[in-house]
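>>> take this sequence and fold it.
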Amino acid sequence: MKKSQMIAMIVLLVVLLLAVAAGVTAYAVWQQEESNKLEFEMQFNDPNPSLNYQIFVPVNAEGERVSGSYDTTGQHGYHASNYVLAGGADAGSIVGLALVGWEGGISCTELNIPDEATLKINGVEQTLPVVAVRMDVQFDQNYFYGNEAIVNIVIGRNVTFIADGVFALMPKLTSVTVRGTAEDAAIEIMPDAFSPFTLGEVISEGRTVNDGQSS
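Alright, predicted model coming up:
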């Protein structure tokens, strides 16, 4: 083989190797960009389609939202966004998640609140228990209040608090079920949480259901 031919082959090999390396780098960048999306533990291959529409925020031990917001710039709604903490040090105060809204519109008739959910907080994936359902003014366009599609609500076993008015004035609501056993923590439901659906109509699988007026 002539020297010129050998040099040409070496140059071609180097070009091919650089092309492969560039492709791997591009794929790694794509993976990193994808990792910023909000992901739910059971979003795919799960019989609970409502997970695709539920909006969660991190909360501290007092049940208050840990300060921060969703960065929806250039994204399509909260489910393609990362929750960005106002202060990085606040990550240590997160103990669970609160359900604060819904992007389901009229496309889903059952709300099935999971025991836990996974999202990315400051880019770090965390799976946390869903401990409360609250109203938050930052998500006032996504309230359940007045929803005209939801017929059934199933509440996860880790939820211990449901705020007043969260599920009020939902004309098609016919059943509310609290999952869990007597060994699970009691759930406190404020008196008008499901109004005009009454607390006495809530079905418990075994957990203690407390009227919020007593606390």
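>>> all contacts plus neighbour counts: C-alpha atoms, from now on.
Fine.
>>> flag the shaky bits of this protein, pLDDT-wise.
Counting by pLDDT under 70, the chain contains low-confidence ranges at 1-48, 74-76, 214-215.
>>> quick one: buried residues of stretch 94-105?
Buried residues in stretch 94-105, counting neighbours by 16 or more other CA atoms under 10 Å, are found at 94, 95, 96, 97, 98, 99, 100, 101, 102, 103, 104.
>>> actually stretch 112-122, sorry about that
Taking 16+ other CA under 10 Å as the criterion, stretch 112-122 shows 112, 113, 114, 115, 116, 117, 118, 119, 120, 121, 122 as buried.
>>> which residues of the protein fall in strands?
When assigned using DSSP state E, the strands of the chain occupy the ranges 54-59, 68-71, 82-85, 96-102, 110-112, 116-121, 124-133, 152-155, 161-162, 175-178, 187-189, 203-204, 209-211.
>>> of all the buried residues of stretch 112-122, which comes closest to residue 189?
Taking CA to CA as the measure, residue 113 is the one of these closest to residue 189, at 14.8 Å.
>>> from residue 91, how far out is that closest one?
Here the criterion is CA to CA, to the nearest Å. By it, residue 113 lies 23 Å from residue 91.
>>> then residue 137?
According to CA to CA, residue 137 and residue 91 sit 22 Å apart.
>>> more neighbours: which of the two?
Counting neighbours by other CA atoms under 10 Å for residue 137 and for residue 91 shows that residue 91 has the greater number, 17 against 9.
>>> ok, now which ones touch the nearest residue to the more buried one once chain neighbours are set aside?
Counting by CA to CA, 6 or more residues apart in numbering, the nearest residue to residue 91 once its immediate chain neighbours are dropped is residue 85, at 7.5 Å. By CA atoms under 8 Å, 6 or more residues apart in numbering, the contact set of residue 85 is 66, 67, 68, 69, 91, 121, 122.
>>> still on that earlier bit, could the buried residues of stretch 94-105 go into a markdown table alongside distance to residue 78?
Below are these laid out as a markdown table (distance: CA to CA, whole Å):
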| residue | distance to residue 78 |
| --- | --- |
| 94 | 19 |
| 95 | 21 |
| 96 | 18 |
| 97 | 15 |
| 98 | 14 |
| 99 | 13 |
| 100 | 12 |
| 101 | 10 |
| 102 | 10 |
| 103 | 8 |
| 104 | 12 |
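>>> so what's the residue nearest the centre of the chain closest to, chain neighbours aside?
The chain has residue 56 as the residue nearest its centroid, 4.2 Å off, counting by CA atoms, centre = their mean. Once its chain neighbours are removed from consideration, residue 56 has its nearest residue in residue 99; the separation is 4.6 Å (CA to CA, 6+ apart).
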